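> need a 3D model of the sequence below.
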Amino acid sequence: MWSPQERSTSTSPCSDGHPSASRVFVDSLSMADGGPLRIWRGAVLDEWIDYNGHMTEGFYGVVFGMASDEYLIRMGFDQHYRASTGGSFYTVETHIAFIDELAPATPLAVDTTVAGADQKRVHLFHELRGGGDGVLAATQESMMLHVDTSIDRVAPMAEALYAVLRADADAHAGLLPAGTTGRAIRAVGA
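Model prediction:
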């Protein structure tokens, strides 16, 4: 039976094909301020820069995707979990708000808040911060479903993983101001 590995605070190079990233593992139980988890750090790569001289919109999604993956891995959704349970997470919806430009080589950090979790869903809210002063550059809201890959259907996650995700959701309750999540784009002229 699967069980989560002991949480620890350590840093190791990213091994998932993202050369600019470094993994920053932060134990949510030791967060003194009770705020979001600083779970991912990296820097803007030159190849992420568009014709306007700043990071193009597609790479904001790449950074947020790496942060989501890092959060889930940190909580126990690792290769062992996937192999032993056949479970995986599929992202089914995201919403990105672009707030500030990011120049080449700008240091990046993503703060992650667990906006909600049940046995089949995880709702994350990421804040992408740039530079030494941590200016908010973008936010992403993400909904992920837990899927049994043997039948390609939504299914409950392992109880031990759910307990970890639920604990973070409970710890983060009330961190996001009302109206922060659940936004939609209104049609032009509406």
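
> for this protein, which helix is longest?
helix 57-74 (DSSP state H).

> and the helices in this structure?
Counting by DSSP H, the helices of the chain are 57-74, 79-85, 159-172.

> taking the centroid of the protein, which residue is nearest it?
Nearest to the geometric centre of the chain sits S68, at 2.5 Å (CA atoms, centre = their mean).

> could I get the contacting residues of that residue?
Counting by CB atoms under 8 Å, 6 or more residues apart in numbering, S68 touches T91, T112, L124, H126, S142, M144. Bear in mind the C-beta positions are built from the backbone N, C-alpha and C, glycine included.

> between these, which is nearest Y81?
Y81 has its nearest neighbour among those in M144, at 14.2 Å by CB to CB.

> in JSON lines, list the contacts of S68 along with neighbour count and distance to A187.
Conversion of the contacts of S68 to JSON lines gives the following (neighbours: other CB atoms under 10 Å; distance: CB to CB, whole Å):
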{"residue": "T91", "neighbour count": "16", "distance to A187": "24"}
{"residue": "T112", "neighbour count": "26", "distance to A187": "30"}
{"residue": "L124", "neighbour count": "29", "distance to A187": "26"}
{"residue": "H126", "neighbour count": "26", "distance to A187": "26"}
{"residue": "S142", "neighbour count": "24", "distance to A187": "23"}
{"residue": "M144", "neighbour count": "21", "distance to A187": "27"}
